[in-house]
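Chemist: how would this look folded up:
(2 chains)
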Amino acid sequence: MSNETTKIPVCPVSELEPGDRRIIEHEGEFLAVVNCNGELFGIEDRCSHDDGPLAEGDVDQEACTLECPRHGSLFDLRTGKPKTLPAYQPVKTFPVEVIDDTITLEV
Amino acid sequence: MATAEALAEKEKVQGINADYAEKFGFSDPETGYAYKAPKGLTREIVEQISEYKDEPQWMRDFRLKALEIFESKPTPKWGADLDQIDFDDIHYFVRASDKNSRDWSEVPEDIKNTFDRLGIPEAEQKFLSGVGAQYESEVVYHQVNEQLEAQGVIFTDMDTALREHEDILKEYWATVIPANDNKLAALNSAVWSGGSFVYVPKGVKVEMPLQAYFRINTENMGQFERTLIIAEEDSDVHYIEGCTAPVYSTDSLHSAVVEIIAKPGSRVRYTTVQNWSQNVFNLVTKRAIAQERATMEWVDCNLGSKVTMKYPAIYLLGEEAHGEVLSIAFAGEGQHQDAGAKIIHGAPNTTSSVFSKSISKDGGRSTYRGLLEVADGATGTRSKVVCDALLLDEKSQSDTYPTIRIGESDADMGHEATVSKVGDDMLFYLQSRGLSEEEASKMIVNGFIEPVTKELPMEYAVELNRLIELQMEGSIG
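Modeler: Just a heads-up that it's a prediction; the model follows:
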């Protein structure tokens, strides 16, 4: 397995306001960047409970969580760990950088 | 059968048909009720419930968001027929009494008489550590043994807990069952009222059970209690709930949410003796988390209701946690008991067992619906699922829908399922020993459910056997 990482440009930083998210597709996988009170988090767009989309759910900026829109599991954006059931396994998180005013996801 | 005997038997059977109405199915007048919401579910009703209870803003917001979720989710189509429920024809909140007492003499007389008839104060004196009695939407009586209280055990109704223990409640609230989990959990989250809050501190063993009794009195009523049990490290508690309602020709709805957190080394047993009248839809979400070395046990007896959909779940999330579900379902004429269990092995070396027994008669339908899941990385797990169905006649029905997902190759899983009929040869053998056909049939059923009844405290085992015998009367011939 390769440990190489790829930097994927997501969008200009000005296009992602606090509380917003941007979903992108990379090699068949959906990933998301979420702006939580100005801090950017990269997370896979997949709920570990049923493998359905995650990133369209509500963002709680105070708690820094993302809520699965189908069954309500809350995921910690910092760690990818679920804070509530029915999900009990973490989802992947990714480092995010801003390079030349462009949000970049390291995968 | 001789004519005199036949008449006596007929009278006995008629008497038994009237037994539910007399023993549990009676209703009280609604005079003196403090508040009864008009039928239907609106944002205003939800806001009113929250206002009546003088709740903090976060709870009001939680309720309103849950209402939106309820309205956006379709009614499940995969189980029993829920299209019969008219959600606009239900009273979502009924306050029978203005106060919640710790003394039976302060409970309004009609309500106290009801609980006397149901034997609750007597049971409290004899063998319980604490009792909660919910009548309509709210708890009217609550008491807990003083010694337990001194040890830090909290056993109170959920409305009081929100006022007096808001910090603990908020920490765990809806973390096991979010409002978005399913349509009925969303409904409960929007209009919840009453239920129990149990907190057992580290190392405390509650020797005698805590019991809650739920009673619906009003016609077209919805009861939506919410229960949360937190067992701290190495603690031990047994919680029992019972429920009944008057017999009406129109339907009522009971939709509870029960969340349990069993912390490392603790043991929680949750026993239900569900005996709603046969005009109640009983749609309940029950789920527990068992952390390292914790044991969680659901003992679930479903005798009453028109339709029950209930699948107690255990998430074994800590190493060496253990989960057990013992389930009995009895489906008579016009009843559909759609019950089962969900076990998630989310950590290594976790163990579980599910024993499900169902009995169907007079065209009743019982369904076992189960999930057994072993997560990736949960090595060394062991589980056994046994579901047995007994059919007492040709027109009754039993279905089994097991789902098994295994993520580790060393999991040790067993699934056994049997469907049997009470055959002429069994009856003939017992009758040759001097039993009547009906006695023989009862004996077969009692033997069939014995693995579950032996797990109940004696008083409940006796009661359960008695209830099943009542259900069995007149079922042969």
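
Chemist: helix or strand for B:A80, which one?
Modeler: For B:A80, there is no enclosing helix or strand under DSSP states H and E.

Chemist: any idea how far it is from B:F281?
Modeler: 8 Å (C-beta to C-beta, to the nearest Å). C-beta: built from backbone N, CA, C; applies to glycine.

Chemist: before we move on, what about B:K384?
Modeler: As judged by C-beta to C-beta, B:K384 and B:F281 stand 32 Å apart.

Chemist: Neighbour count for the two, which is higher?
Modeler: B:F281 (23 against 15; other C-beta atoms under 10 Å in any protein chain shown).

Chemist: Which residues are in contact with the most centrally placed residue in chain B?
Modeler: By C-alpha atoms, centre = their mean, chain B has its centre lying nearest to B:T272, at 4.4 Å. Taking C-beta atoms under 8 Å, 6 or more residues apart in numbering or on different chains, we find B:T272 in contact with B:I240, B:E241, B:G242, B:W298, B:V299, B:D300, B:C301, B:N302.

Chemist: before we move on, back to that, which neighbours do B:A80 and B:F281 share?
Modeler: B:V307.

Chemist: so when I look at the residue nearest to the centre of chain B, I'm seeing a strand, right?
Modeler: Yes. Per DSSP: H, G, I helix; E, B strand; the rest coil, B:T272 lies within a strand segment.

Chemist: Tell me the bridge partners for it.
Modeler: Going by DSSP bridges, B:T272 is paired in beta bridges with B:E241, B:D300.

Chemist: ok, now how distant is it from B:Y135?
Modeler: 18 Å.

Chemist: again, but for B:K126
Modeler: 22 Å.

Chemist: Residue numbers of the stretch 201-350 of chain B in contact with chain A?
Modeler: Contact residues (C-beta under 8 Å from any C-beta of the partner chain) of the stretch 201-350 of chain B with chain A: B:R287, B:I289, B:Y315, B:L317, B:I344, B:G346.

Chemist: out of these, which are inside strands?
Modeler: B:R287, B:I289, B:Y315, B:I344 (DSSP state E).

Chemist: The last one pairs with what?
Modeler: Going back to what we said before, that points to B:I344. Where B:I344 sits in a bridge, its partners, by DSSP bridges, are B:Y315, B:E373.

Chemist: Let me have the residues of the stretch 201-350 of chain B next to chain A in CSV, extended by distance to A:E4.
Modeler: Shown next, in CSV, are those (distance: C-beta to C-beta, whole Å):
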residue, distance to A:E4
B:R287, 41
B:I289, 38
B:Y315, 36
B:L317, 34
B:I344, 35
B:G346, 32
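
Chemist: Report the secondary structure element holding the residue nearest to B:K53 when sequence neighbours are not counted.
Modeler: Residue nearest to B:K53 in three dimensions, not counting chain neighbours: B:D159, with 5.8 Å by C-beta to C-beta, 6 or more residues apart in numbering or on different chains. Taking DSSP H and E as the criterion, B:D159 maps to helix B:158-164.

Chemist: I'd like the average pLDDT over that helix.
Modeler: Mean pLDDT, computed over helix B:158-164, is 97.

Chemist: Closest residue of the stretch 1-150 of chain B to chain A?
Modeler: Proximity of the stretch 1-150 of chain B to chain A (C-beta to the nearest C-beta) peaks at B:I69, 7.9 Å away.

Chemist: From what I see, that residue and B:A179 are in contact.
Modeler: Yes. Using C-beta atoms under 8 Å, B:I69 is in contact with B:A179, at 5.5 Å.

Chemist: residues near B:I468, how many?
Modeler: 20.

Chemist: Okay, now the unreliable bits of the chain?
Modeler: Reading this off chain A. Within chain A, the stretches falling below the threshold (pLDDT under 70) are A:1-2.

Chemist: Not quite, go with chain B.
Modeler: In chain B, residues with pLDDT under 70: B:1-18, B:471, B:473-477.

Chemist: quick one on the thing from earlier: in contact with the residue nearest to B:K53, which residues?
Modeler: Taking C-beta under 8 Å, 6+ apart, we find B:D159 in contact with B:K53, B:N100, B:E138, B:V139, B:S193, B:G194.

Chemist: now A:D45: how far from A:D58?
Modeler: 15 Å.

Chemist: okay, these two: which has more neighbours?
Modeler: Taking neighbours as other C-beta under 10 Å, A:D45 and A:D58 compare with A:D45 leading, 20 against 14.

Chemist: got a list of what that one touches?
Modeler: Listed by C-beta under 8 Å, 6+ apart, the contact set of A:D45 reads A:I23, A:F30, A:L31, A:A32, A:P53, A:L54, A:A55.

Chemist: That one and chain B: what is the separation?
Modeler: Per C-beta to the nearest C-beta, to the nearest Å, A:D45 is found 17 Å from chain B.

Chemist: The residue of the stretch 1-150 of chain B closest to chain A: neighbour count?
Modeler: B:I69, neighbours per other C-beta under 10 Å, totals 21.

Chemist: neighbouring contacts of the strand or helix carrying it?
Modeler: According to DSSP H and E, B:I69 maps onto helix B:57-72. With contact meaning C-beta under 8 Å, 6+ apart, helix B:57-72 is reached by A:72, B:41, B:43, B:46-47, B:49-50, B:162, B:170, B:173-174, B:179-180, B:183, B:186-192.
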